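> Structure here, sequence nowhere to be found:
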């Protein structure tokens, strides 16, 4: 896979949640919520400020992040599901 996001875009692979609830109940795919946690796969070069200066992104490839529930655009690359979103849609970095 050779995808390079442009500007301040970030390519994220969602991390799937467990299919079983704490009480042992199996959650069907139709009832599961969209994941809000993922791993950064690729990062664009950053956004350009009004002064023309390039502002580097705060996230790096390989970091785990939290993002908004409806953030990003779903895309499929080589059969895998990814989200491409602006860096501003990322809420936190998980350490």
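That came through fine. Please read all numbers here as calculations on a predicted model, not as lab measurements. Numbering: from 1, shown residues only.
> Helix, strand, or coil at residue 51?
Following DSSP: H, G, I helix; E, B strand; the rest coil, residue 51 is assigned to coil.
> Tell me the secondary structure at the spatially most central residue of the chain.
Most central in the chain under Cα atoms, centre = their mean is residue 12, positioned 3.1 Å from the mean C-alpha point. With three-state DSSP as the basis, residue 12 sits in strand.
> Please, which helix or strand holds the closest residue to it other than its chain neighbours?
Spatial nearest neighbour of residue 12, excluding adjacent residues (Cβ to Cβ, 6 or more residues apart in numbering): residue 38 at 4.0 Å. (Each C-beta comes from the backbone N, C-alpha and C, glycine too.) Residue 38 belongs to strand 37-43 when assigned by DSSP states H and E.
> which residues touch residue 75?
Residues in contact with residue 75 (Cβ atoms under 8 Å, 6 or more residues apart in numbering) are 81, 82, 83, 84.
> which of those residues are buried?
Buried members of these, counted by 16 or more other Cβ atoms under 10 Å: 82, 83, 84.
> Pretty sure the last one sits against residue 73.
Yes - counting by Cβ atoms under 8 Å, residue 73 is a contact partner of residue 84 at 5.4 Å.
> Enumerate every residue touching the closest residue to residue 59 other than its chain neighbours.
The shortest distance from residue 59 to any residue other than its chain neighbours is 5.3 Å, reached at residue 40 (Cβ to Cβ, 6+ apart). Applying Cβ under 8 Å, 6+ apart, we find residue 40 in contact with 10, 11, 12, 59, 60, 61, 62, 63, 64, 65.
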